[in-house]
Every structure is written in structure tokens, then in C-alpha cells.
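Chemist: Test case, fold it:
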Amino acid sequence: MLKESLTTAMIILLVLLASGFGNSVRAGPLASAQLGCTATVAAVVELTIVEPVIVSFAAPWDGYEQGQALVFNNVGSLLIESNANWALSVSLVQNSGWKVYVKPAQSASAQWSLVEESTSVCTGSFGSEVVSLDVKVEKKEEYRYAGSEENIQFAFTVEQI
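Modeler: Next up is the predicted model:
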């Protein structure tokens, strides 16, 4: 009897396997979707004056009568942080009666720029940059200077370009 039920169970198992019960199950592809997203980030340009850009000197100086200029290197420190391209402009706080020129101290190939109403000094791009200036002071021919202590102060504007 045990033999008969074992044989019957084997026959039923073979019939089930032959009828497709043993076929492997295949999974269909998962559903997929795409999501598009566009974000607009406003340009941010920030200027921090770490050290003021001021030059002080006594007039007249040695070489003044011969037309020699005074040159000050690495004056002040400006930190510019931006997520866009930027341009730094400089102007004088007040007209001093001197010819004042500036250039970025970090660039050996930079040319002197005469500071007038608003003079572009340098440009930069994304990130942060510390800028110091070289300053050159020359006398103007039409002015006569008495012995005095002179101070030249600068104002700065940084803008996205």
C-alpha cells in the first residue's frame, strides 16, 4: 500500500511537471518614468573689504620735482565671492588732485589703469578670489602741492558680467 501511494504521488508529480507547472516565472519590466526639473539660480556677487584700500604719503616726496611716481604694492585686501562672472571697478572717494593709477597686485602682466569716475580693474569667474591692488600716484602738472600728509581712499563696485 505504501508502494502504491508513493507510485501515485510520483505519477501526479510527473504530470504536473509535464503540464507546465515547472516552467520558470518571468518578471515583466518595471514601470519607468522621467521627471524633468529646471531650476534658475540668481547670480550672487559679494564683495567684502578685508583690509581697506587706502594710501597715505607725504607730499612732496623724494623724486617729486623730477616727476617720479610713488608706487604702493599689495594695498588692501578684497574678497570677492560669486556664482557668476564678475568685474571689479574702482573710483576715488574724493578727487585728490593727484593722478592715481591701479592694477591687480596678483597679475604681473596687468597694465596700470588711470582711476577716473569708475574704472574697471579686473574680472573673475565663479568661486572666491582675494584681490589686492598696486597703486601709483603722480602729480598733476597744474597743481602745486604744499608739504602735507595726503590720504587717498578708494570705493569699489563689483557686478555680474
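
Chemist: Distance-wise, check the closest residue to residue 51 other than its chain neighbours relative to residue 122.
Modeler: Closest residue to residue 51 apart from its sequence neighbours, by C-beta to C-beta, 6 or more residues apart in numbering: residue 77 at 4.1 Å. The C-beta positions use only the backbone N, C-alpha and C, and glycine is treated the same way. From residue 77 over to residue 122 the distance is 14 Å, taken as C-beta to C-beta, to the nearest Å.

Chemist: who touches both of those two?
Modeler: residue 131 (C-beta atoms under 8 Å, 6 or more residues apart in numbering).

Chemist: so where do the helices sit in this protein?
Modeler: 2-16 (DSSP state H).

Chemist: Flag the shaky bits of it, pLDDT-wise.
Modeler: 1-28, 142-146 (pLDDT under 70).

Chemist: So which residue is dead centre in it?
Modeler: residue 127 (2.7 Å; C-alpha atoms, centre = their mean).

Chemist: and the closest residue to it other than its chain neighbours, bridged to which residues?
Modeler: Computed as C-beta to C-beta, 6+ apart, the closest residue to residue 127 that is not its neighbour in sequence is residue 82, at 7.1 Å. Beta-bridge pairing for residue 82 (DSSP bridges): residue 45, residue 127.
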